[in-house]
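J.: Generate coordinates for the sequence data below:
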Amino acid sequence: MMERIKTGVIGLDDVLGGGFIPNSVNVLLGSAGVGKTIISFQYLLKGIEEGDKCIFISFDMGEHEVIKHTKAIGWGEIADYISEGKLSINKFYAENVSYVNNDLLNILTGESELNTRIVIDSFTPMISSLNMESRNDVNWFFNKLRELGTTLLTVEEPMNGDFGDASVTLPIFLSDTVIHLKNIGYGEAFSRGLRVIKHRGSWHAEGVFPYRILDGIGVLVEGTDLIEEEKEVVDLEEVLQEMNMKREDIPESLIRRLEKLAESGNPGARDAIMEILKKVS
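T.: Numbering: from 1, shown residues only. Okay, here's the model as predicted:
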């Protein structure tokens, strides 16, 4: 089983098949007020709990604003973690990608350790100010972040909901995981919903999961009780016996792929394996 980075958000690890992939770039996508920054600090608090180095980069929040914001939720310990050096807060100013490639990356390189959690809140305003030629360097920057540690980037959704805007499509395309947080609307049973758009290299639960923002807790993802039932882990040996087939009858490369599918938890995996085996028999 692949090692996972726990998010610190109750219910979210279940949706992600255990958590984030190590050394990956993960995007929280959503408009203002959906809880992106709250999830970010839940992620960092979990890292501090596990002894990870934690870095928070913001383009509009310094230490004072961070302490005020998190204290209002009920996380007064954040101030202590900052003073103790367990959480590094950096308010950053950037007008073009050259600053990102140099100043910001130097900060992250200098402060990162073996197990590092990095939050950038948010990347979108900076990307939206760049020309298309400069945006090509963002991929280089993301790869550098992967080398430094698991990174959580919070990305603002345009107010008009236009996912075609390059400031949104670029991070989605380049990142490993994208989680979309959305206000569903007043009068609904649940006013907020969460959906995993992509989770590269890993199974993830499908569908929209309701969540709440609770004082003292932060974001709580609900409706995850049936996720384990949704995952279908297949016994490949059992399927082979059922079809009167042996491993040696199947190319080794295909066996490896079937083993991966059997462990994936994808719904319908068993039926798919049987269909494939029928075609190669």
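
J.: can you give me the strands in the stretch 101-250 of the chain?
T.: Using DSSP state E, counting those that start in this stretch, the strands of the stretch 101-250 of the chain run over residues 116-121, 150-156, 177-183, 192-199, 209-214, 218-221.

J.: just for this structure, where's the confidence low?
T.: Low-confidence regions of the chain, defined by pLDDT under 70, span residues 1-2, 93-104, 107, 111-114, 124-137, 156-168, 185-190, 228-232, 265, 267.

J.: what about 50?
T.: 96-97, 159 (pLDDT under 50).

J.: in it, which spans are helices?
T.: With helices called from DSSP state H, the chain shows them at 12-15, 36-49, 63-73, 77-83, 97-99, 105-111, 124-128, 132-148, 166-174, 227-230, 236-242, 252-264, 269-280.

J.: Give me the helices and strands touching the first one, please.
T.: Using 3 or more Cβ pairs under 8 Å, 6 or more residues apart in numbering; DSSP states H and E as the contact criterion, the neighbours of helix 12-15 among helices and strands are strand 192-199, strand 218-221, helix 227-230. For glycine as for every other residue, the C-beta is placed from the backbone atoms N, C-alpha and C.

J.: Please name whichever of the strands of the stretch 101-250 of the chain is nearest to W75.
T.: Smallest distance to W75 across those (Cβ to Cβ): 8.0 Å, for strand 218-221.

J.: what distance separates that closest one from the centre of its chain?
T.: Offset of strand 218-221 from its chain centre (Cα atoms, centre = their mean, to the nearest Å): 15 Å.

J.: mind exporting that strand as PDB, just the C-alpha atoms?
T.: This file holds the C-alpha atoms of strand 218-221, laid out as PDB (Å, rounded to 0.1, in the frame of the first residue of the first chain):
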ATOM      1  CA  GLY A 218     -12.800  23.100  10.700                       C
ATOM      2  CA  VAL A 219     -14.100  21.300   7.600                       C
ATOM      3  CA  LEU A 220     -16.000  18.000   8.200                       C
ATOM      4  CA  VAL A 221     -16.700  15.900   5.100                       C
END
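
J.: Now tell me what touches that strand from outside.
T.: 9-12, 14-15, 35, 38-39, 41-42, 73, 75, 194, 209-214 (Cβ atoms under 8 Å, 6 or more residues apart in numbering).

J.: Report the separation between the residue of the chain most remote from its centre and S281.
T.: Relative to the C-alpha centroid of the chain, counting by Cα atoms, centre = their mean, N244 is the outermost residue, at 41.8 Å. Distance, N244 to S281, by Cβ to Cβ, to the nearest Å: 9 Å.
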